[in-house]
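In: return a 3D structure for these sequence lines:
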Amino acid sequence: MNERILDIFTKDALEAARANNTYRTLRHISSPEASHVTIAGKDTVLLASNSYLDLANVPELKQAMADAVLEWGTGSGGARLTTGNKTPHDELEEFIAKFKGEEAAIAFNTGYMANVGTISALCGKNDFIFSDELNHASIIDGIRLSRAKCFVYKHNDMADLERAIEAAKAEFCAREKLAKNAVSNFRGLIVTDAVFSMDGDLANLPELLRIARARDCLLMIDEAHATGVLGRTGRGLAEHYNCEHADVTVGTLSKAVAAEGGFVAGSKQLIEFLKNKSRSFIFTTAMAPAVAAAALRNLQFIDAHPERVQQLRDNVKFFCDALRLHGLQVPQTDSAIIPIIIGDEAKALRISETLQNEGVLIPAIRYPTVAKGQARLRASLMATHTKEELEFAAAKIAEAI
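Out: Residues are numbered from 1 along each chain as shown. Got it, this is the predicted structure:
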């Protein structure tokens, strides 16, 4: 190995991360994902999982995946458009469409690939994208790959979004030498997270729909942290607001669904387009059929057990109330994500380490995941946390802070 050249590429960046308290290491957990996990031999309350409904350890769901492996083997053998497309993939997509109330759906290997593949397929260098400033990295990377002109609007600021669209239309008219407002060929995509993963707040879907319709843009939302969480039955942001769906709905199967993969749901035309144009779908080996079968079974479980979604919602309210009773300021939230702002990166790390030693795992989120000086503890709850566990955790958090 050429260590000198490797140092040129890596050493300074690693040393800077250590100096700025943004260096990251892997935490070893020696038990399955659940409301309690084992770290270094110690039982620990887990307040850091995206497995919001705690489905990864449901016996019937584990058995269903084991049975699927025995039936379908451990891999798919090819891309979906060659030899990789199997019965579980088709059945999964059919159920996703039904669950989301859409005409059709397409499964990707990850939610990241769904965002990157969808945005870069829909948009090109002559198009315009309007992106919330707190959107997930996968959305940002999809925009970069598309080469479209991106206007970043202030977080959840609908007036700023409208201003950005008008600025883009003016630029379009100037570029195409068109009269003002002659924008019949204007191609704009509004894209936003449904639930913002570090703040836990929601996109204003009714207003986004109004703006998209009034200004002739497509609307795309990423429901990674909304599917299985928002709405009476966990169907997401549209169910939460009781409104229409976005034109493009992206989601993940690896959070509340507790499997692996991502998806896009929408019209049949959209899904056929992605099958033919999305590079992250076309040029990758399909997810293992057993994984698709497991995701399907888990989604069916959510569909059959809306009380699990309500249980999660009850836990979030109880935990937020408990934190406030201990003197901590936390926002009202309809999601399962509760940010506790600390500010200083080193202090957030110390508090998180103290809490882990006390039997509560809640990570310190730091730059570049959030802005500098906005380090925080990010609590994320499960439907199966008990009130006693949540009260214990709230007391320990307040004490550590």
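In: contacting residues for the residue most central in space within the chain?
Out: In the chain, the C-alpha closest to the average C-alpha coordinate belongs to Ala224, at a distance of 3.1 Å (C-alpha atoms, centre = their mean). Contacts for Ala224 were tallied using C-beta atoms under 8 Å, 6 or more residues apart in numbering; they are Gly111, His136, Asp193, Ala194, Val195, Ser197, Val250, Gly251, Thr252, Lys255. All C-beta atoms are positioned from the backbone trio N, CA, C, and that covers glycine.
In: show the contacting residues for the third one.
Out: This points to Asp193. Asp132, Leu134, Asn135, His136, Ile139, Ala203, Ile221, Asp222, Ala224, His225.
In: sorry, back to before: give me the buried entries from the contacts of Ala224.
Out: Neighbour-count burial (16 or more other C-beta atoms under 10 Å) is assigned, among the contacts of Ala224, to Gly111, His136, Asp193, Ala194, Val195, Ser197, Val250, Gly251, Thr252, Lys255.
In: show me where the stretch 201-350 of the chain has its strands.
Out: For the stretch 201-350 of the chain, the strands defined by DSSP state E, counting those that start in this stretch occupy 218-222, 248-252, 262-266, 337-343.
In: who wins for proximity to His36 among these?
Out: Nearest to His36 among the strands of the stretch 201-350 of the chain is strand 337-343 (18.8 Å), distances taken as C-beta to C-beta.
In: tell me where the protein has helices.
Out: Counting by DSSP state H, residue ranges of the helices within the chain are 3-19, 59-72, 87-100, 111-122, 137-146, 158-176, 205-214, 237-241, 268-277, 279-282, 289-304, 306-325, 345-357, 387-400.
In: state the mean pLDDT of the last one.
Out: Averaged across helix 387-400, the pLDDT comes to 96.
In: please begin residue numbering at 265 from this point
Out: Renumbered: residue one is now 265, and that last one reads helix 651-664.
In: least confident pick among the buried ones among the contacts of Ala488?
Out: Lowest pLDDT within the buried ones among the contacts of Ala488 is found at Ser461 (93).
In: distance between the worst-scoring helix or strand of the chain on mean pLDDT and the chain's centre?
Out: Ranking every helix and strand in the chain by mean pLDDT, DSSP states H and E puts helix 267-283 at the bottom, with a mean of 88. Helix 267-283 sits 30 Å away from the centroid of its parent chain (C-alpha atoms, centre = their mean, to the nearest Å).
In: that helix packs against which elements?
Out: Using 3 or more C-beta pairs under 8 Å, 6 or more residues apart in numbering; DSSP states H and E as the contact definition, helix 267-283 packs against no other helix or strand.
In: where does the stretch 415-564 of the chain dip in pLDDT?
Out: 443-447 (pLDDT under 70).
In: and the gap between the residue nearest to the centre of the chain and Thr549?
Out: Summarising the geometry, the distance separating Ala488 from Thr549, computed by C-beta to C-beta, to the nearest Å, is 22 Å.
In: next: Asp276.
Out: When distance is defined by C-beta to C-beta, Asp276 is 36 Å away from Thr549.
In: cool, and Ala368?
Out: Applying C-beta to C-beta to Ala368 and Thr549 gives a distance of 22 Å.
In: which one of the two is surrounded by more residues?
Out: Using other C-beta atoms under 10 Å as the criterion, Ala368 and Thr549 rank with Ala368 on top: 20 against 15.
In: hey, what's that one bridged with?
Out: Under the criterion DSSP bridges, Ala368 forms beta bridges with Gly530.
In: if anything else comes up later, I'll come back, but that's it for now.
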